[in-house]
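Peer 1: pasted the sequence and its predicted model underneath.
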Amino acid sequence: MSRLPPAFHDAGHGYDVFGLEPRAVQRAAALCRPIYRHYFRATSVGIEHVPTSGAAILVANHAGTLPIDGGMLWLDVLERTGRVLRPVADFFVSSFPIINTAFARVGVVGGTRGNVRRLLDDGELIAIFPEGVTGVAKPFRERYRLQAWRVGHAELAIRHRVPIVPVAIIGAEESWPIALRLRHIRAFGAPYLPIPASPLPLPVRYHFHYGIPIEVGRDLPAEAADDPTVVSAAADRIRDALTDLIAAGLRARREGRP
């Protein structure tokens, strides 16, 4: 049974400063658990690499028309560690009515520097998808090939001296491929309107592979986060580690291993 972490930072009215609410987390977990267990039949390898306390950043590949992979990762971490993962969303997500409030209640935060700094200072576990919308928009032929790679996660890890845990999500990139991107329709600031290749996600099995934590800022001063060359090199290191983890996950799936 999922349990809420004792480190919930109540701002004084039952929510934290970003709108997370414990009862909403419990309700969302109960609603999504059958999908996670019986539809996507999720498995995990390496969950022991996720810190049980303290700040850390999970960095994962991203795909699937809509961010269902992020939701399943959120639930996998909650089920197996009891921690509420704080996914960092693109700026336009907060513009969607109803959805923005629902996401905030379960822990999603807007991807501003100030928001992420506050979470890390509070010892939270956050998830960043450096591919952003280029990940969920990738064509099927590009599955499991990392797209445009933002470097903000590396800067944060150096500046706040927190570990990065790479996470390979296997299955999501075949589950709900995108068919069309209608770029002339940009509702609420989204870069395009996605048209999936199927009405619902296909029941492709999800496999989460958590890698060994990477301490990109261990031997660097915090000021190194202001050096673009250092940050870029650290981001490349994370990308390479995730690429290798994805390859290992795909190989394990072919061989019938977890």
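Peer 2: Thanks, I have it.
Peer 1: ok, and the closest non-adjacent residue to residue 19?
Peer 2: Among residues not flanking residue 19 along the chain, residue 104 sits closest, at 3.4 Å (CB to CB, 6 or more residues apart in numbering). Backbone N, C-alpha and C define where each C-beta goes, glycine included.
Peer 1: phi first, then psi, for the one you found.
Peer 2: Backbone torsions for residue 104, taken as degrees, to the nearest 10, come to phi -60, psi -40.
Peer 1: now residue 195: which helix or strand?
Peer 2: Remark: residue 195 resides in strand 193-196, with elements defined by DSSP states H and E.
Peer 1: now do the strands in the stretch 101-250 of the chain.
Peer 2: Assigned by DSSP state E, counting those that start in this stretch, the strands in the stretch 101-250 of the chain fall at 109-110, 125-128, 164-170, 178-182, 193-196, 207-210.
Peer 1: centre of the chain to the shortest one, how far?
Peer 2: Counting by CA atoms, centre = their mean, to the nearest Å, strand 109-110 is centred 12 Å from the centre of its parent chain.
Peer 1: list the strands paired with that strand, with their directions.
Peer 2: Next to strand 109-110 in the sheet, as set by DSSP bridges, lie strand 86-89 (parallel).
Peer 1: so what's residue 239 up against?
Peer 2: 130, 146, 149 (CB atoms under 8 Å, 6 or more residues apart in numbering).
Peer 1: my error: substitute residue 208 in the last question.
Peer 2: By CB under 8 Å, 6+ apart, the contact list for residue 208 reads 42, 43, 44, 45, 47, 72, 73, 76, 167, 168, 169, 170.
Peer 1: circling back: is it possible to export the contacts of residue 239 to JSON lines including distance to residue 182?
Peer 2: Written out in JSON lines, the entries for the contacts of residue 239 read as follows (distance: CB to CB, whole Å):
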{"residue": "130", "distance to residue 182": "25"}
{"residue": "146", "distance to residue 182": "25"}
{"residue": "149", "distance to residue 182": "25"}
